[in-house]
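Engineer: I need the structure of the sequence given here:
(one chain, ligands or ions: 1)
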Amino acid sequence: MIISGRHNVELREFDQYGVVMPDYFSMDGVPGKVYFRCERQRATLSTEACAASWRRADELNDGQCSACRLCPVGAVHAGEVAASMSPLKGTLTCARCHRTSGRLIGGHRCPSCYNREREVLRGCNAKGTAPVKAGRLDPRRLAYNAGGELRHLRLPISADMDELIVAVLRDSRSRVSFAYNSRPPAAVRQARLW
Ligand SMILES: [Zn+2]
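Structural biologist: Coordinates of the predicted model:
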């Protein structure tokens, strides 16, 4: 195919999402396709090819790295304006100790944390004595907003609230935000004095 000319193409602005979009152009002999220069792939891509590449990368949750995975331009081309750009997304990060692992048990914690967890639940370690290093493991619940929807993560066993936050950032493909209720509980709330 001979591509003889380039014509600039006006596309929708996506400034409202804070994403700086590239300059687009069409090519003679390729009707209906819009191209741009992708700096991450160091290539000229069609918006379709970019969207497909971003979708493939977004579906990875095995710790593989891809230039496209956290690319906001690719997310817009794929129509996912509320995509997560968290560097934890799709990584094999242990939610409990925050280290990257070769694999996660139950898709959540590294083998080392899993072994500690079993010791805590059994009440003894491999030497037959009570585990001293591991802290308590308790049920916890976290409310968060993912792509505009209120969701909850409930873990029957967790070491701290960070564990839930890391799990949500790692596992959510939509953009996530957290909030907390800063009002004191009713028991300590006081009427205004003046
Ligand atoms: Zn761990």
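Engineer: Could you give the number of residues near the nearest residue to G90 once chain neighbours are set aside?
Structural biologist: Leaving aside its chain neighbours, G90 sits nearest to N61 (4.5 Å; criterion: C-beta to C-beta, 6 or more residues apart in numbering). Where C-beta positions appear, they are placed from N, C-alpha and C, glycine not excepted. The local packing of N61 (other C-beta atoms under 10 Å) involves 15 other residues.
Engineer: My guess is N61 contacts L88. True?
Structural biologist: No: the criterion here is C-beta atoms under 8 Å, and N61 misses it with L88 at 10.9 Å.
Engineer: Can you pull the residues of the chain lying near the ion?
Structural biologist: 94, 96-97, 110, 113 (C-beta under 5 Å from the ion).
Engineer: The same query, at a cut-off of 6 Å, please.
Structural biologist: Contact residues, the chain versus the ion (C-beta under 6 Å from the ion): 94, 96-97, 99, 109-110, 112-113.
Engineer: For the protein, which residues score under the pLDDT cut-off?
Structural biologist: For the chain, applying pLDDT under 70 flags the ranges 1-18, 124-134, 180-194.
Engineer: all helices of it, in order?
Structural biologist: Ranges of helices in the chain, per DSSP state H, are 47-58, 72-77, 111-122, 161-171.
Engineer: deepest of those, which one?
Structural biologist: A comparison of these by mean neighbour count, using mean count of other C-beta atoms under 10 Å, puts helix 72-77 on top with a mean of 23.
Engineer: How about residues contacting it?
Structural biologist: Residues outside helix 72-77 that contact it (C-beta atoms under 8 Å, 6 or more residues apart in numbering): 14, 17, 19, 21-22, 38, 47-48, 50-51, 53-54, 57-58, 68, 81, 83, 85.
Engineer: Recalculate using a threshold of 7 Å.
Structural biologist: Helix 72-77 is contacted from outside by 14, 17, 19, 21-22, 47, 50-51, 53-54, 68, 81, 83, 85, using C-beta atoms under 7 Å, 6 or more residues apart in numbering.
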